[in-house]
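1. Next come a sequence and a model predicted from it.
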Amino acid sequence: MPKMASKDEKMVRVAELGILLEYWNRLLNVAFLQLLRIQSADGTKRLEVSDSLTVDGLLGLIGESFDLTAASSWRLFKDRQKTLQIFSQPASIKSLGLKHGDLLYLDMSSGQRMDVDPDKAPLQMARRRGDSSFSSSVSLSALQRDGGRDRDETSNNNSITPRMSESVPNGDVVEDEVDQALWKQDGSVQRPKDERLCKHGSTGKCIYCIPIEPFDEEYLQSRSPPIKHMSFHAYLRKLTSGANKGKFAALSEVSCRIKSGCTSHLPWPEGICTKCQPSAVTLNRQRYRHIDNIMFENADLIERFLDHYRRTGLQRIGFLYGRYEQHKDVPLGIRTVVAAIYEPPQADTENGIELREDPHSEVVDCVASKMGLKRVGWIFTDLVAEDDRVGTVKYLRHKDTYFLTAEECITAAFFQSQHPNPCKLSSPSGQFGSKFVSVIVTGDQSSQIHFEGYQVSNQCMSLVRDNCLVPTYDAPELAYVKTSTSQQYVPDVFYKEKDKYGNEVTSIARPLPVEYLIVDVPAAMPKEPRYTFKPPGKGKQLFPVENRLDQIQDIGALLHYTSQFPRTHFLDAISDFHVLIFMASLETVTLNDDDLDILVAAVMSGDADIAETWAASSQFWTALNNVGANQDSSMPSTSGANSSTRQVNGASGSARAPQNAGEWTCTHCTFVNSGPVDACEMCGLPH
C-alpha cells in the first residue's frame, strides 16, 4: 500500500502549489502586457500597459510620464499627420485598436484641450472628466502669512509641471477676441489743435498736435494718475514700429531647462555644454502688463465673498470668472471684468489656506464658458481684525513690509502658467505671458478693507515653471533661487540694485526681493454697477455658497431657496452662478446640456418666459422636486406650537413639521407667528 503523506508534507505541497499558481499568474500578466511608444518634442518614452486599461488611464499615465497637467493644452494622436486624435473616454484601449509596439504622437502645442471632443456634449464630458481618475484639479500647499516652510519641502509641493510648447505656426494661433479687436485699431493718441501754438488750418498737423504713439513714456507719465506700465499691445506696437514694421520682431519665453537631444556628452550631471546649457537670467522690472485694470461688476460680489470671513474669522480663496474688454483709460489697454466668484474646496484657517482637489472644476469651467465667461484670476483674503466693534482691520501690506509674499508670487506664477496668453508674435510656442490676475483683500492705511491687484512677470513665470524658485523660511518678502543639484541644473539668476553709494551693482538672487517679480494692477468697482447675475432681491435669502463648512448645498436647500420666488419670477431664482453650478454638478439628478443651454439663454437674455416654461416642462426640475419631496417625507416631524424646523445651510429649511391652523414659521428667524399677518412679528421681514 502507498505510504500516506503526513500533515507536514501536505502543507509543504499546498505551499508549493500556491507558489506555482502565483508564478503562473505573473506569466499571464506579462503575456497580456503590451508596449506603447509615445513620441513628443521632449523625446520618446515607452509605457507598458494592459489590455484592460481605459483610455482615461492611458492619458493619465502619459501625463505623469511627461510631467504634464490636464489643464494644459496637449493632445494625443494615432498618426504622424495628427489627424486621428485620441479623446478621453472610459472604454478600454482595445477599442482604439492599439497593438503591441504601436507609436503614438503627443502634441504639446497650444490649442484645443486633449480631452475635449467637439462632437460630444460639453457638460457631460466635463462631468465625466471630473469623476475619472484623470482630473485637472490642482492641490496646492498652504499660503502662510509668515513665510512658509522649509524650502525643499515647498519646492516639492509647488513644482510646476507645464512644459514649453512645441512650435506653432503664427497663422494657427487663435488670440482672444479683445486682442483681435486691438490689433485692428491704430492705437495712436489723438491730440486736439492747440490754438496758441498751432498755426495751420483745421486739416493740418504739426509737432504740437500730431498723434502720439501709445508707448510714449512722457505721455504715460503725464496722465493723472501716471500710468506706471504701458499696455501689452502698446509694447507690441513698439516692437513692430520702425522702418521694417516688426518684420523680425518675436517674443520668446525664458527657459531655465537643459535643452534635450544633445548627443556630444553624457546627460547631466555627468556632462553639459554651451549648446544645451541654459543662459544666465538677469531680472528686470517688467515695463508692460497684460491686464491694465480689474473691475468687479458690483459690490454684492465682494460682500458675498467676505461674508465667510465676517462670520468665521477664517481666510478664504476664490477663483474669478469674467471676461476681457478694452480699457479706454490706457492706450490699447485691456480690462478684466469679474462677474462671479467660485470658491473651490479648501482648508482655511486664521493664518493660511490650503487648496484641495476639486472634482467639479471642469463643470464650473463648462458652465462659465456657456455664459461667455472664463477663469480670469484668483482672489484671497489676508485680514486680521483690529477692532471688532467698528469692523477695522490691520494695515499689513505696505512698502515697509511687503505687497506680495514669495509663496504668493509662486502660486500666482503657477496659475498664470496654467492660463497662458495666446500671442501670434510668440515663437515658437504661440503663447506669451498670461492675463490671469491675483487680487488680495487686505487692510489699507485707514484700516478699512480694500483690494489690491497684481500679476507676476513673465520671468517669474519661467522660473516657477522650471522649478527654480522657492520661498524663504523666515522672510516673506524674499524668494530664493535654488542651486544646481545632481537631479537639476539651475542657471545663475541675477538682479540689479543700488548700493549705499548710489552705484548700480549686480547681485545673485539668493535671496531675491519679490518686488522684481510683481506688476501691480488697479482693482476697483464701477460707479454704475453691472449684473451678469441679478441679485435675488431685498428680504430674500441667498443660495448657499459651495464648499463652505457652515453652509451645505443639497436639493433641500435649492428647493427652499427657489420657494421664495413665485413661478413668474423663476428667472430671478436661477440668476445665480452658484445655483447653476450646483444644478450642473448634481449626481442624484443629472442636468443635460440642453437644459443647461436653456437656463443660460434665459439668464443671459433676461427672458422670464423662457425660465418659466422650462420650470413647467423640464423633466430635470420635476425629478428634482420629487427627490426633495421624498427626502422631506422621510424625515421625522413633531406637531405642536413649538414644532422644530430642519436647519439647512445655517437657515431654516423647507421641511416643516405640522403647525396649528393659522400659524406660520418665519423663513428668516424661525419665529412661529400666529394669525394672518404679512410680516414676521419678531424680525419684521415679509412672510
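-> Okay, I see it.

2. What ranges does the stretch 401-550 of the chain have for its helices?
-> 406-418, 458-465 (DSSP state H, counting those that start in this stretch).

3. Could I get those in CSV, plus columns for mean pLDDT, distance to residue 473 and mean neighbour count?
-> (Glycine included, C-beta is placed from N, CA and C.) Converted to CSV, those look like this (pLDDT from 0 to 100; distance: least, C-beta to C-beta, whole Å; neighbours: other C-beta atoms under 10 Å):
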stretch, mean pLDDT, distance to residue 473, mean neighbour count
helix 406-418, 94, 10, 25
helix 458-465, 93, 18, 25
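
4. Out of those, the one nearest residue 447 is which?
-> Closest to residue 447 of the helices of the stretch 401-550 of the chain, according to C-beta to C-beta: helix 406-418, at 21.7 Å.

5. Tell me the helices and strands packed up against that closest one.
-> The elements that helix 406-418 packs onto, with contact taken as 3 or more C-beta pairs under 8 Å, 6 or more residues apart in numbering; DSSP states H and E, are strand 374-381, strand 431-434, strand 437-443, strand 449-456, helix 458-465, strand 469-471, strand 478-481.

6. Redo these as CSV? Include distance to residue 532.
-> Converted to CSV, the helices and strands packed on helix 406-418 look like this (distance: least, C-beta to C-beta, whole Å):
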stretch, distance to residue 532
strand 374-381, 13
strand 431-434, 23
strand 437-443, 18
strand 449-456, 19
helix 458-465, 29
strand 469-471, 36
strand 478-481, 37
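
7. out of those, deepest packed?
-> strand 469-471 (a mean of 29; mean count of other C-beta atoms under 10 Å).

8. mind listing what it pairs with, with the direction of each?
-> Here strand 469-471 has these sheet partners by DSSP bridges: strand 478-481 (antiparallel).

9. Output the helices of the stretch 401-550 of the chain in CSV; the columns should cover distance to residue 189.
-> Shown next, in CSV, are the helices of the stretch 401-550 of the chain (distance: least, C-beta to C-beta, whole Å):
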stretch, distance to residue 189
helix 406-418, 29
helix 458-465, 26
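
10. Relative to the whole chain's centre, how far out is stretch 530-545?
-> Stretch 530-545 sits 24 Å away from the centroid of its parent chain (C-alpha atoms, centre = their mean, to the nearest Å).

11. For the stretch 551-687 of the chain, which segments count as helices?
-> Under DSSP H, counting those that start in this stretch, the stretch 551-687 of the chain gives helices at 555-562, 570-574, 577-585, 593-605, 608-617, 619-633.

12. Give me the residues contacting the last one.
-> Pointing back at helix 619-633 there. With C-beta atoms under 8 Å, 6 or more residues apart in numbering as the test, helix 619-633 has contacts from 555-556, 558-559, 583, 586, 588-592, 595, 614-615, 654-655.

13. Counting neighbours, which of those residues end up buried?
-> 555-556, 558-559, 583, 586, 589, 591, 595, 614-615, 654-655 (16 or more other C-beta atoms under 10 Å).

14. And these, which is closest to residue 74?
-> When the buried ones among the contacts of helix 619-633 are compared for distance to residue 74 (C-beta to C-beta), residue 591 wins out at 29.2 Å.

15. do you know how far the closest one is from residue 612?
-> 18 Å (C-beta to C-beta, to the nearest Å).

16. Cool, thanks, talk later.
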